[in-house]
Structures are given as structure tokens and as C-alpha cells.
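**Q** Predicted coordinates and the sequence they were generated for:
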Amino acid sequence: PPSCLLMAAPQKKSEVNELRSLLRSADLQRDTVKYREVVQKVIMYMTLGVDVSPLFSEMIMASATDDMVQKKLVYLYLCNYAESHSDLTLLAVNTLQKNSRDPNPIVRGLALRSMCSLRVPNILEYILAPVQEGLRDKSAYVRKTAVMGCVKLHYISESTVQECALADTMYGMIMDRDPLVVANCVAALEEILASEGGIVLSKEIAHSLFNRLRDFPDWSQCIVMGVLSRYVPSNEDEVYDILNILEDRLKHANSAVVLGATKLFLHFTRNMDDVREDVLDRIKVPLITLMTASPHETSLIILQHIDLLLTRSPTLFSSEFKAFFCRYNEPAYIKAKKLHIITAIASLANMETILEELGSYVTDVDVTMARKSIRCIGRIAARIGACVDHVISMLLAFQELDIPYVTAESLCVLRDILRKYPDRAPRVLPSLAGIMESSALDEELEAKAALVWILGQFGDHLDDAPYILESLVEKIEEQAPVVRLQLLTSCVRLLFSRAPEIQRTLGRLLRYCVSEDPNNGVRDRAQFYYRLLQASPDAAKTVICSTPQIAPGAEFLEYSVASKEHLFDEFNSLSVVYGQPSSAFIAQMPPYNALGTGRQFPPGQRPEPRAPAPAAPAPVAPVATASATARGGASLLDLDMMAPSAPPMPSFALDAKSDLSPADFERIWVSGEIGAVIKEPLKRVPSIPEFESLLSAQGVCMMASGNPVHGVVRIFFHAKEKGSTTYHLIECNLDVLNSIIAANFKSSNPAHTPDFAAIFRKTLHAARLIDM
């Protein structure tokens, strides 16, 4: 309740005063244990968000103790409040300087680390000397702490670090006898010299790091190996010496170390074609061992790296295919990745065993797993022609299981196989009648569309094809858009081989799709087919009935090898897991770093997005009568149809620049309804300046843009009709990570909103950002 919140502040204030009196109590200071408990209570309040900075003086006095636990607590307090109370921080410097000269190296290191963590520029002169002394300290703990202190000083004052030549000092410490000091020096130099490209690797430094690699802790080994990937050996003999040193790193228990060593193997042999296959064969066993023995999360990372390696050597894991068989207790994401890899490594030697294994997954309780396994079987058949007949037999057997989703997925895969191997159609067509009689496809839209495609493609070999299509057209209002689209193509295709049986069905279908269908895509295709038939039946047959030939050796790849090659530069990183360069998800690189610089709504005036309203179906344009008979089409085109005219052009033009104010923008946006919605995949993601320039050339001006939130940038645009007071508004969401653009449109004249959305879409298409 609010009353409790009002009472909280005085209560906390009284507790701080009580703590002050306890810290000042002479009796309590003589009792070490109780005094430490009071200090712990101060830290507890600090972690709870209570402002205990008024106790700064008392806490500095509490640091004068030999109790190491109490000293650490006090230093934690000082580091937390130093930046916000820089004037009081000077009180702690003398104590920290004194402790940095303590005989105990742990106390010296603790004081040095705390001094460098204060992050207060006005005490830099007091910290510099202890840091320089720490770099020369006889204790390795103090030296490695001082090295990391140099990085903290770099962020306080970069010029000071350069003037004092601390980087040169750390270069000399790379030869330090303690491996932890060396590892910290490498990491620190990489950060301090980042603007210069990182540490400069001479032959002496590189060989020293290679020889001492096994002495470093696991994560330090990863850092050092990442740096060593920039080293360029002078000759092949040096490469072989380096690979011999790295050999035992492939047997390490830490997956990061193994992947780091793998990256070095690939890097140093990238131009040595004669040994590349031997190297790939050498790293194969460690990766499989890690994959099978690691936790599921680590296994997924290993699988992603294996998938990347397959882009360079598709047959690398062909002999180890059984290692990628799915286990019953594996999570779905592991199974999905293994299915992908199994499909990629299938070959003539192992395809029978792999197909048998994939067939056993079809009855899995996980529906997604069953669907994916059937898809993988189809991909193998498309890639390896020798197994097509066996795969068709398997798919036909799956339909006998009487499982709706298995039947549907099998039908989709059969369609894909028949696209490439049309001569196998006689084996498939007899089973279609049974599928239509069942209810397996009622909820499976893609499978129903696949069935319609098969009927249109091979209907001249199936007696009942026109009648099956007729039964679907009779319920055309109930069919999904994807099914209606395929019905149009199949019926028109069948018109050229079985015109008397399909003509009436096609006429009814075209009549509905042109004049009643609410879907723009279906309506456009129906108009296109009708005009094509009306203009030239021979040309229509050439266009619609042509079958593109797929080369027998063609493969259906899910990725481009070239698009994956750049990921080898970021091997052993999240870039491989995400399948994209680190700049796409770690930080927004230029041009996206210029977002949100001044183009913001005033506080409280940013319009809130509303749920998009369903767009009204576009009206069908008036049509002009043109009989097929008059054009010489005879009975072939006697479909009792009306020829639709071309879609109308926008009835308005836009001003070169809109003069809409932010207040008017908010008023129109809040009061208006969304009249059109666009969501399209982008061929490429434009920069914000490029996007703004592209639209401003059409008279569409930017009102505001925001910073990226989870990779999505929100931008508001506006435009004004020429010679009118009508304004058009756009809320554009640019998904940078997934390359998707989504836009909501509102207008002060809602009747013009669809036309304005068409102008926006046309502009993006002209810039080759989207497909029409």
C-alpha cells in the first residue's frame, strides 16, 4: 500500500543512523567478530538498494584492519560508491596506497584491484604509481592484477596509458614465468590496442605462446588461440611444427579448447590443399567424441560447427553417420540438427541404413520430429537418384499407417520427388483416390495443394482427375488461398489435355476467383490466366504446361556454400551457432549506430501502436465483355466469363515534402484506423539514411525513429497529397536480424490508404528491397 512506501524512507534513514553509531562504537570495535557483522549488514543494505553512502567515512576507518574478510567488504563498498561520491573517494586513497605496499601479496593485490576499480579520473595520479610498481612486483598474483588494472586505467584515461608506455611494459611481460600473468597480458593488450588491430605477433612471441599453451587455464587457452589465429607462419615446416604442438589440444576435455585448436588447424592449412583432407580427418574424431559426451547445450554447438565443416567437405562424416542417429532422451533442437546433418552426409554407401533409421522416426510421438524425418527422406531421394524407388515405396507405406500428418507430409514429399522424377508418377497415382476418400487432408493445406498439383500435372494418366478437381471446386469457398491458387493452375493445365471434362469446372472456378475471391493473389492469377487464354491458347499452353527440367545431379541445398565460408573466420564463436557474422547480433554496426539521434517524439507524445485491423478485400474492377468465341477460341474458351480490366492507377500524387507537425501526426494516428498492412521479407536490409532517402524522393518524409529493440527498429513516416489536405502516415518496423519489414498505414482519407500502400510497396520493389 502507499502508506507502507511512505514509511519506508524514515525507517531506512533510522537504520543508517543506527549503523553509524555501531560503526563508531569503541566497545564494538574491540570485538572483531561483532564489528565485522555490522560491516556485513552495511553491505547487505547496499545490495538491497538502500543508500548507505553517508557511512563512507566510517567504512574507510573500518578498512584499517587485518581481517581479510572485513577488508574485502569495505573495498567492495568503496568501489560501489566511489563514482557517485568522487569527493569522498580521496579519503580512501591513502588507505589503499598504504595497503598496496603491505607485505602480504594478497592484500597488495586486493588494494591494487580496488584502486583501479574506483573509476574516478581525479585520483588517476595516485593510482598510476601503485600500478607501475605492481607490474614489477615479485608476486605473480599482484602482477596479473596490475595488468588488468592497466585495462581499467585505459578506459579512465587512454592518453595516460600511452604516455606511461604501459603497453610496452606488458609486451615485455609476455615472457613472464607465470602463465596467468602471460594470459592476462595477452588479453589486456588485445583490449588496449584494439584500435590498432590488437597485439602484434612477432615470431618470438608467437612461438612462446604456442610452447606454453598447455600451461594456461582453459579459458585463457581460448583467448590465446584466438590471438594466435592472426599469426602467419613463414613456411610449411613451421606450420607442421605448430600443428604438432596443437595436437594434444584436440584431446582436451573442454569443448572450447578443442574448437579453438580446430580453428587453428583450419587456419594454418587453408592454403595447403595437399594436407587439408588429412587435417579434416584428424579433427573429425575429437568433434564426434565431444558431441556424444557433452551436455545437450554443448552438443548443439558442436553440431553447428560440424554442419559448417560439411560445407567444405560434404563427405567428411559419411563413415561416422551412426553417431548422428537420434536418441530417445535428446531434446528437439538436437534431433532437428542431427536430422539435417544425416541428410547432408547420406551417400550411396550408407543411404539404406540412414533411410531405415529415418523411417523409424516417422512414428515418433513428437509430430514435428515425424514430419521432419519424412522431409529428410525426400531430400535424400532428390539428391541420390539411386534410392528414389525405395523412397517412393517407403512413402506409400507411410500412407497406410492412417496417421493424418504422416499421410499429409508423405504427399508433399511425393510431389517434390515427382517434380524431379516425373517418370515415377505411375507408381504414385493409384494411391491418390484413397487419400481423397479419407479425411486426412482436411486440416493439411499444403498437402491438399500438393495433391491438386499432382492431379494437374499427371491428370491425363488418371481417369478420375477432372472429377476430383470438380469436387474441390464445388466447395471453393471453403478452400484456403494456397489451395485455390493450385486449383487454378491445375484446372487450366488439364484444360489442354481433357477439355470436355474440365471446361465447366474451370469456368466456375475462374468466375468465382475473378469476381468474388477476397484474396488479391488468387484474383490476380485468375485474371492473368483468363487474359492469357483469351489472347492466345497456344501461348497459354506453352507458358502453363511447360515443365522446367531439373538436372539429374542437382541437389536441393538449404544453404549456399559461399554464404557460409566467411563464418570460418569466426570459428569457435556464436557466429557459427547463429549462422551469421558477429556484427549482426553483438552490436549494431554502421549504418545502424546512427539511429535515434534527435528524431524522437517529445515525452508523452509517441503514438502507441494499435492491433492492425483486417484489410478490406480490394474491389474487383469493372469488366468488359469479350467472348472467347469472337477471338477464335471456339469451345475451348467458352467459359461464360467476363474479361477484367487492368487495376486502376492511384488517383492522386504526393507533394515533394510534407509539412505535418508532430502534434498533428499524433492526432491523426491516434484517431485513425489502420487501413493497410504490409509484411514482406527483405532481399537486403537498407541503412536508415538510405531508407529515408529512398522514401523522401517519393515525397514520404521521416517523422521519427527509435533505437533498435531486439533488432527491430521502429520508424514513422508521413506524406501529403498534392493539392489536398489529405495526409498519409506509416508505422514501419524494420527487423534487422530477420530481414523483414512490416508497415501499418493510416490516412486522414481512409479511401486512399490502399493506393498509398501500393506506392510504398512499389518504391521498395523499385529499389530491389522486396519482391512484388
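**A** That came in fine, so what should we check first?
**Q** element containing residue 743, please.
**A** strand 740-747 (DSSP states H and E).
**Q** Which neighbouring elements make contact with that strand?
**A** Under the contact criterion of 3 or more C-beta pairs under 8 Å, 6 or more residues apart in numbering; DSSP states H and E, strand 740-747 touches strand 676-681, strand 727-735, helix 753-766. (C-beta placed from N, C-alpha, C; glycine too.)
**Q** would you turn those into JSON lines with mean neighbour count and mean pLDDT?
**A** Below are these laid out as JSON lines (neighbours: other C-beta atoms under 10 Å; pLDDT from 0 to 100):
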{"stretch": "strand 676-681", "mean neighbour count": "16", "mean pLDDT": "88"}
{"stretch": "strand 727-735", "mean neighbour count": "22", "mean pLDDT": "90"}
{"stretch": "helix 753-766", "mean neighbour count": "18", "mean pLDDT": "87"}
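**Q** what number of residues lie near residue 423?
**A** Residues contacting residue 423 under the criterion other C-beta atoms under 10 Å number 8.
**Q** now the strand holding residue 743: mean pLDDT?
**A** Averaging pLDDT along strand 740-747 yields 91.
**Q** Residues in contact with that strand: which ones?
**A** The contact list for strand 740-747 (C-beta atoms under 8 Å, 6 or more residues apart in numbering) reads 609-610, 612, 668-669, 672-682, 726-735, 753, 756-757, 760, 764, 769-770.
**Q** Equivalent analysis for stretch 564-572, please.
**A** With contact meaning C-beta under 8 Å, 6+ apart, stretch 564-572 is reached by 222, 226, 256, 259-260, 262-263, 266, 305, 308, 311-312, 575-576, 579, 581-582.
**Q** Among these, the buried ones, what's the PyMOL command?
**A** Applying 16 or more other C-beta atoms under 10 Å to the contacts of stretch 564-572, the buried members can be selected in PyMOL as follows:
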select buried, resi 222+226+256+259+260+262+263+266+305+308+311+312+575+576
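**Q** Select from the contacts of stretch 564-572 every entry located in helices.
**A** Secondary structure assignment by DSSP state H places 222, 226, 256, 259, 260, 262, 263, 266, 305, 308, 575, 576 of those in helices.
**Q** Farthest pair within those residues?
**A** Using C-beta to C-beta, the pair of the ones in helices among the contacts of stretch 564-572 lying farthest apart is 222 and 308, separated by 17.9 Å.
**Q** Sketch out the strands for the chain, chain order is fine.
**A** In the chain, the strands defined using DSSP state E lie at 623-624, 643-644, 676-681, 701-705, 712-720, 727-735, 740-747.
**Q** Dump those to CSV, plus distance to residue 279.
**A** Output for these, formatted as CSV (distance: least, C-beta to C-beta, whole Å):
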stretch, distance to residue 279
strand 623-624, 68
strand 643-644, 64
strand 676-681, 38
strand 701-705, 48
strand 712-720, 42
strand 727-735, 39
strand 740-747, 39
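**Q** Those strands: which one's closest to residue 439?
**A** Once the strands of the chain are compared by C-beta to C-beta, strand 676-681 is nearest, at 32.4 Å.
**Q** Run through the neighbouring helices and strands of that closest one.
**A** Here strand 676-681 is seen to pack against strand 740-747, helix 753-766 when contacts are counted using 3+ C-beta pairs under 8 Å, 6+ apart.
**Q** Now with 10 Å, please.
**A** strand 727-735, strand 740-747, helix 753-766 (3 or more C-beta pairs under 10 Å, 6 or more residues apart in numbering; DSSP states H and E).
**Q** Check which helices and strands the first one sits against.
**A** Just to be clear, that refers to strand 727-735. Secondary-structure packing of strand 727-735 (3+ C-beta pairs under 10 Å, 6+ apart): helix 662-671, strand 676-681, helix 688-696, strand 701-705, strand 712-720, strand 740-747, helix 753-766.
**Q** Relative to the fourth one, what are the paired strands and their orientations?
**A** Okay, so that is strand 701-705. Strand 701-705 sits in its sheet next to strand 712-720 (antiparallel), going by DSSP bridges.
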